[in-house]
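> Sequence unavailable; structure follows:
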């Protein structure tokens, strides 16, 4: 169904919002909020109802709700001062005051309209050594493959959590976005095997083949750069461009022979198996000191579900001693490096070393202390724009 109001059209079958004929990029929770307001135009939508329909009844902070409302107003061309489209009823809720007209979407019957929270489809392929790898594709456009942090992604959980749906949907607005879970974690086959980044790169190639990706762009997050750079060296003809977010050349043990014991590993050992452990929370806040806290907790919950403690402890040892310095000169595609200025996990000096070692690499410094920007942080919009602009050329 298409809902027309002001100069906007919200299509809940295609999950799109346009204003004055131009597509507007919105996060899933923002889309869901506008959707519930449009469906109840002229009526009060209470804060309790917003929590139920937009956040699935989970506890949500005032700051997260305020940020979502502000983003919804911005998306439809409104603001908190004029409130010409979305009006606040103090201490009660919101009303969409613009007149709304509805019509069936072109070529779609009411019987096949997709809900705003559409389910993702998970598929499987096989690695060279025969293990099942789970993958999913979102959006349409130029192909983009994601290299997530080693063994800490879960396709099902990241889709369910608003944080990751925000990130995935941002990418899917501009591309055909392919994500996969590493063997041993998430929705892939839960087996333990020795970590070898060339093997992980060959797994990524198997996923790309199954998805029908020949030559494509890619984005890596945190330790995913170790696999991404291995892939770039193995398959230079397949990678058209590469974005590296929160990446590094050397693990912490290689950066200094006098490196202190890994405090993050101690936090994992003490609290990984308890969802509300203060040690696990401290681990998450080491990566995301600026929050928002709710989003950082969602990252932690996904990581805990995706990767068992014994694998997580082993992975810390591997990445602490890893280096990709020998691979940098082998990268042939354009590379964009995005890195937080005040990253305490992998310092900015590591991003500069990446940029200096890779031909045709560019560095963009993000004004945040979060290892990777989170939805609701001050640099979120500029970060997403810069990333999408590079990956889609």
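Alright, I've got the coordinates. What you see is a predicted model, and the numbers here were worked out from it, not measured in a lab.
> where in the stretch 201-350 of the chain is pLDDT low?
Flagging of the stretch 201-350 of the chain using pLDDT under 70 yields the residue ranges 257, 259.
> What segments of the chain are helices?
Assigned by DSSP state H, the chain shows helices spanning 28-39, 47-54, 62-75, 155-160, 162-172, 197-211, 224-234, 252-255, 263-271, 278-287, 293-306, 309-320, 348-357, 380-391.
> Show me how the protein divides into domains.
Here the domain assignment for the chain is 2-112, 122-391, based on automatic domain parsing.
> Tell me which of those domains is the most buried.
Ranked by mean neighbour count under mean count of other CB atoms under 10 Å, the domains of the chain are led by domain 122-391, which reaches a mean of 19. Every residue, glycine included, has its C-beta placed from N, CA and C.
> who touches stretch 180-199?
122, 127-129, 131-136, 146, 148, 150-157, 200, 203-204, 207, 226-227, 230, 234, 306-307, 310-311, 314-315, 318, 322, 324 (CB atoms under 8 Å, 6 or more residues apart in numbering).
> try it again with 6 Å
122, 127, 131-135, 151, 153-156, 207, 226-227, 230, 306-307, 318 (CB atoms under 6 Å, 6 or more residues apart in numbering).
> Over to it now: how far is its first residue from its last?
15 Å (CA to CA, to the nearest Å).
> go on, stretch 248-260?
18 Å.
> Return the residues in contact with residue 26.
17, 75.
> For it, give me phi and psi.
The phi/psi pair for residue 26 (degrees, to the nearest 10) reads phi -130, psi 150.
> Apart from its chain neighbours, what residue comes closest to the spatially most central residue of the chain?
Geometric centre of the chain, nearest residue: residue 167, 3.4 Å, by CA atoms, centre = their mean. Nearest-residue entry for residue 167: residue 375, 7.1 Å, with adjacent residues in sequence omitted and distances by CB to CB, 6 or more residues apart in numbering.
> do residue 99 as well
Nearest to residue 99 is residue 5, by CB to CB, 6+ apart, at 6.5 Å.
> my guess is the one you found meets residue 98, correct?
Yes: look at residue 5 against residue 98 with CB atoms under 6 Å: they come within range, at 4.3 Å.
> all strands for the stretch 51-200 of the chain, in order.
86-89, 93-96, 100-103, 122-126, 132-138, 142-147, 175-180 (DSSP state E, counting those that start in this stretch).
> least reliable of these going by mean pLDDT?
Least confident of the strands of the stretch 51-200 of the chain, judged by mean pLDDT, is strand 100-103 with a mean of 87.
> who does that one pair up with?
Paired neighbours of strand 100-103 in the sheet (DSSP bridges): strand 2-5 (antiparallel).
> contacts for the strand it pairs with?
9-11, 38, 98, 100-103, 105.
> Please convert those to TSV, extending it with distance to residue 173.
Shown next, in TSV, are these (distance: CB to CB, whole Å):
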residue	distance to residue 173
9	16
10	15
11	13
38	19
98	24
100	24
101	25
102	24
103	23
105	18
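> Now the two most distant members of those.
Within those, 98 and 105 form the most distant pair, 19.8 Å apart (CB to CB).
> right, and residue 86 touches residue 75 too?
No: using CB under 6 Å, residue 86 is not in contact with residue 75; the gap is 9.9 Å.
> do you know which of the strands of the stretch 51-200 of the chain lies nearest residue 261?
Comparing those by CB to CB, strand 142-147 comes nearest, at 28.2 Å.
> Show the contacting residues for residue 230.
Residue 230 neighbours (CB under 6 Å, 6+ apart): 197-198, 201.
> which one of these is nearest residue 275?
Once CB to CB is applied, the member of the contacts of residue 230 that ends up nearest residue 275 is residue 197, at 30.0 Å.
> Can you tell me how far residue 268 is from residue 251?
With distances taken as CB to CB, to the nearest Å, residue 268 is found 15 Å from residue 251.
> If you could redo that for residue 135, that was the one I meant.
27 Å.
> what's the straight distance from one end of stretch 318-328 to the other?
19 Å.
> Which residues does that stretch contact?
Stretch 318-328 is contacted from outside by 195, 223, 226, 229, 233, 249-254, 357-358, using CB under 6 Å, 6+ apart.
> redo that, cut-off 7 Å
150, 195, 223, 226, 229-230, 233, 249-254, 262, 357-358 (CB atoms under 7 Å, 6 or more residues apart in numbering).
> sorry, back to before: in CSV: the helices of the chain, plus distance to residue 217.
Below are the helices of the chain laid out as CSV (distance: least, CB to CB, whole Å):
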stretch, distance to residue 217
helix 28-39, 23
helix 47-54, 32
helix 62-75, 26
helix 155-160, 20
helix 162-172, 11
helix 197-211, 11
helix 224-234, 11
helix 252-255, 29
helix 263-271, 30
helix 278-287, 25
helix 293-306, 24
helix 309-320, 24
helix 348-357, 17
helix 380-391, 5
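> Can you check which of these gets nearest to residue 179?
Nearest of those (CB to CB): helix 155-160, 6.2 Å.
> For that closest one, which helices and strands make contact with it?
The contact analysis (3 or more CB pairs under 7 Å, 6 or more residues apart in numbering; DSSP states H and E) places helix 155-160 against helix 293-306.
> what distance separates the helix it packs on from the centre of its chain?
How far helix 293-306 lies from its chain's middle: 12 Å, per CA atoms, centre = their mean, to the nearest Å.
> how near is residue 179 to residue 223?
Relative to residue 223, and taking CB to CB, residue 179 is found at 16 Å.
> Which residues are in contact with the closest residue to residue 255 other than its chain neighbours?
Computed as CB to CB, 6+ apart, the closest residue to residue 255 that is not its neighbour in sequence is residue 350, at 7.8 Å. Neighbouring residues of residue 350 by CB under 7 Å, 6+ apart: 248-250.
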